[in-house]
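In: would you be able to build a 3D model of this:
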Amino acid sequence: MSHATALHRINPSPRSLGWLLLLFGWLASAGPGQAKSSAGIPASELRKKGQAFEKRGMWAEACRCYEEALRKERNHTATRDAWQRCLRRLHLTTRHRDASYRQLLTKLTAVQSLDVYDQVLAALVKYYHDRSKLGFADLFRNGVQELRFALDEASFRRHHLAGIRPAALAAFKKHLAAWPNRKLANRLEVREQVLSVLQTAIKDGVPLRPATINALVLEFAAGACNALDEYSSFLTPGHYQQTRDLARGDLVGVGLELGITDDELVVTRVYPGSPAAESGLKVRDRVLRIGGRAVKDLPADVAAEKLRGKPNSSVAVEVVRGGDATKGKKTFKMTRRAVVIRSVEYKPKKLSGGDLIGVLKINFFAESTPQEIRDQLDANPSELASLKGMILDLRGNPGGLFKSALTVAEMFLDGGVIVIGQSRHKDYNKSFKAEQRDVLPLPLMVLIDGETASAAEVLAGALKDGRPGTTLIGQTTYGKGSVQCLVTMDKGPLEKLNAGIRLTVAKLLSPTSQPYTGRGIVPDFTVPAAEAKDDALNRFEKRLAKANEGMMPKPTTEEPARPSDQMTMKSSGEMGPAGEDGEMQ
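Out: You can find the predicted model right below:
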């Protein structure tokens, strides 16, 4: 099988489906990066809110509540199960809103859709990191559950089962709920079970048009992926392409990042140089309408999806600015275009004592991140040489490309282990080490918070364990220690349509062999996320003041110590496989 680079934010975290919430019209809910307004809400209350959203079929909102509850009680099994259940429903509704996917279903034959399912099973067995979840009977049962979820969704029935008699639907659902557990030894036996399900549907009176047959079969493929963990999923052609665009740091849209605060859809970020920035949209604007349609009663992911569209097409966004909903309404008309997302921000900062430090913020890890850092730091060599320290800001960073995080780590580490991978794939089942010896020799403080996740945790953990004197400030990180890769179907009908699966292929451990998943990284100094930068500046002030006092000339002939004026960045070479998300060689 061939493989392609992908990005996890959703989502999406970026903030993720698992993973980035770099929306440009796609609100992801699986992973870090959701609204931060729930800090003072108890986990029990968040679970109740999640349950209420779940009953209303508002899957993105339910996911957000359950995920926030898990941050407070990381090992609450019932909450994690509810989160994953709602993620599957969110994936399902998103899948069947993808026009390219619905079009695909009309073009396949039944044999071809079964072949796609077979390819998915083969990929899972070959690459998924946890063998205990790969029993063929379990994979089939996951598909049965996915189909049951689909039959409960009005959107699925509208697209694929229009005109079905209620009695036929009830009979089919009853048979699926009671489907017997059988030992299944191979993919052929699984395929035969799926055919038995189709035959049962026919007997129950389900109208099976060709596209409907394909939709039912591919629910088994989706279920086999989506039930494995929160970060593995079946990707339709449209979402596959979005994932690849995110990895490259560009999407067609308006350049907005959206989030939910107090159950309202709000603008959380406006990207410089984007249509949204040029039109005048601002952070904290409350979104009322997108494209003329009210978003109040829409699921958040549906509302955000309306921001996407073809290049040069237009979209109007109505917002409320300020507290007065009657006087503060504004409508912004924008033309969609490709927007380049910069993953790095850098500014020098002069302290009150006159010393200069650098503040480097990495928003997420894209293909371009290492070069962006080099370009920013190399833009002013004399300024770089005069720096007395560096603040590396990883707050809100949900991760991204594993390979980019490794390359950035090499810019700060003088050798040693960056991260330890555990995987069934040889490219990830090893210790990843820093090979460079020309690094930035500056005192370093790293800012982290509960949104710092995945590849960002890899970098923070490597610096904490492998760079003496590095100080971590902020809050315990998210706790996602795994690598996902995008597996592309290279056979049969999906080859030219770029559909595939996003799959967890490795677990990650710190350089001292501590797991990140479910634990995160504890800072050296715990302070509120909003105060972390000021705290770091204060610590630098005190540290440098002491250093300057110690360097004052003494009334002797001794030469005072001098800081090195050789501060250069070395370009890193290619290393290792990409991942989280990445490319398997």
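In: how far is stretch 524-541 from where the chain is centred?
Out: Distance of stretch 524-541 from the chain centroid (C-alpha atoms, centre = their mean, to the nearest Å) equals 26 Å.
In: how does this protein divide into domains?
Out: Using automatic domain parsing, the domain parsing of the chain gives 30-232, 254-340, 344-531.
In: weakest of those by average pLDDT?
Out: Among those, domain 254-340 carries the lowest mean pLDDT, at a mean of 84.
In: give me the distance between the two termini of that one.
Out: 11 Å (C-alpha to C-alpha, to the nearest Å).
In: for stretch 257-270, same thing?
Out: End-to-end span of stretch 257-270 (C-alpha to C-alpha): 6 Å.
In: output the longest strand belonging to this structure.
Out: In the chain, with assignment by DSSP state E, the single longest strand is strand 500-509.
In: in terms of secondary structure, what does that one contact?
Out: If you count contacts as 3 or more C-beta pairs under 8 Å, 6 or more residues apart in numbering; DSSP states H and E, strand 500-509 packs onto helix 110-127, helix 210-226, strand 233-235, strand 417-423, strand 482-488. To be clear about C-beta, it is placed using only N, CA and C from the backbone, and glycine gets the same treatment.
In: mind listing residues that contact the very next helix or strand once past it?
Out: Using DSSP states H and E, the helix or strand that follows strand 500-509 in sequence is strand 525-526. Outside strand 525-526, the residues that touch it by C-beta atoms under 8 Å, 6 or more residues apart in numbering are 471-476, 535, 539.
In: from those residues, which land in strands?
Out: Of the contacts of strand 525-526, the ones assigned to strands by DSSP E are 471-474.
In: out of the residues you listed, which are buried?
Out: Among the ones in strands among the contacts of strand 525-526, those scoring as buried are 471-474 (criterion: 16 or more other C-beta atoms under 10 Å).
In: which one of those residues sits closest to residue 330?
Out: Set against residue 330, the nearest of those by C-beta to C-beta is residue 474 (34.9 Å).
In: distance of that closest one relative to residue 524?
Out: Going from residue 474 to residue 524 by C-beta to C-beta, to the nearest Å gives 10 Å.
In: all helices for the stretch 1-150 of the chain, in order.
Out: Secondary structure of the stretch 1-150 of the chain (DSSP state H, counting those that start in this stretch): helices located at 43-55, 59-72, 77-97, 99-107, 110-127, 136-152.
In: flag every buried residue along stretch 342-354.
Out: Under the neighbour-count criterion of 16+ other C-beta under 10 Å, stretch 342-354 has 343-344, 346, 351 buried.
In: want to try TSV for the helices and strands packed on strand 500-509, with distance to residue 436 and mean neighbour count as columns?
Out: What follows is the helices and strands packed on strand 500-509, written out as TSV (distance: least, C-beta to C-beta, whole Å; neighbours: other C-beta atoms under 10 Å):
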stretch	distance to residue 436	mean neighbour count
helix 110-127	30	19
helix 210-226	37	25
strand 233-235	35	28
strand 417-423	11	23
strand 482-488	22	27
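In: which among these is found nearest to residue 374?
Out: For residue 374, the closest of these is strand 417-423, at 18.2 Å, according to C-beta to C-beta.
In: so what does that closest one touch, helix or strand wise?
Out: For strand 417-423, the packing partners by 3+ C-beta pairs under 8 Å, 6+ apart come out as helix 402-412, strand 431-433, helix 455-466, strand 500-509.
In: which outside residues touch it?
Out: The set of residues external to strand 417-423 that reach it, using C-beta under 8 Å, 6+ apart, is 129, 406, 409-410, 428-434, 458, 461-462, 465-466, 483, 505-511, 513.
In: any of those buried? List them.
Out: Listed as buried from those are 129, 406, 409-410, 428, 432-434, 458, 461-462, 465-466, 483, 505-511; burial here means 16+ other C-beta under 10 Å.
In: so what touches the helix or strand encompassing residue 157?
Out: Following DSSP H and E, one finds residue 157 within helix 154-160. When contacts are defined by C-beta under 8 Å, 6+ apart, helix 154-160 is touched by residues 92-93, 96-97, 102, 105, 150-151, 164, 169, 211-212, 215-216.
In: list the contacts of residue 351.
Out: Residue 351 sits next to 357, 537, 540-541, 544 when contact means C-beta under 8 Å, 6+ apart.
In: now with 6 Å, please.
Out: residue 541 (C-beta atoms under 6 Å, 6 or more residues apart in numbering).
In: distance of it relative to residue 540?
Out: Taking C-beta to C-beta, one finds residue 351 at 6 Å from residue 540.
In: please apply the same query to residue 75.
Out: Distance, residue 75 to residue 540, using C-beta to C-beta: 36 Å.
In: one more: residue 140?
Out: 58 Å.
In: so for the two, which sits in the more crowded spot?
Out: residue 140 (26 against 22; other C-beta atoms under 10 Å).
In: kindly tell me how buried the closest residue to that one other than its chain neighbours is, as a neighbour count.
Out: Spatially, and ignoring its direct neighbours in sequence, residue 140 is nearest to residue 190 (5.0 Å; C-beta to C-beta, 6 or more residues apart in numbering). Applying other C-beta under 10 Å, we find 22 residues neighbouring residue 190.
In: what sits against residue 190?
Out: Neighbouring residues of residue 190 by C-beta under 6 Å, 6+ apart: 136, 140, 184.
In: now the first one, nearest residue through space, not along the chain?
Out: For residue 136, ignoring the flanking residues on the chain, the nearest one in space by C-beta to C-beta, 6+ apart is residue 184 at 4.0 Å.
In: list the contacts of that neighbour.
Out: Contacts of residue 184 were listed using C-beta under 6 Å, 6+ apart, and they are 136-137, 140, 190.
In: again with residue 443
Out: By C-beta under 6 Å, 6+ apart, residue 443 lies in contact with residue 389.
In: for it, grab phi and psi.
Out: Per-residue torsions, residue 443: phi -60, psi 140 (degrees, to the nearest 10).
In: any idea how far it is from residue 538?
Out: Taking C-beta to C-beta, one finds residue 443 at 14 Å from residue 538.
In: and what of residue 208?
Out: From residue 208 over to residue 538 the distance is 68 Å, taken as C-beta to C-beta.
In: just residue 382 next, same as before
Out: Computed as C-beta to C-beta, the residue 382 to residue 538 distance reads 27 Å.
In: which one's more surrounded, these two?
Out: Using other C-beta under 10 Å as the criterion, residue 382 and residue 538 rank with residue 538 on top: 13 against 7.
In: report pLDDT for the more buried one.
Out: pLDDT recorded at residue 538 is 94.
In: redo the contacts of strand 525-526 as JSON lines? Include distance to residue 339.
Out: Below are the contacts of strand 525-526 laid out as JSON lines (distance: C-beta to C-beta, whole Å):
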{"residue": "471", "distance to residue 339": "35"}
{"residue": "472", "distance to residue 339": "32"}
{"residue": "473", "distance to residue 339": "32"}
{"residue": "474", "distance to residue 339": "29"}
{"residue": "475", "distance to residue 339": "30"}
{"residue": "476", "distance to residue 339": "33"}
{"residue": "535", "distance to residue 339": "33"}
{"residue": "539", "distance to residue 339": "36"}
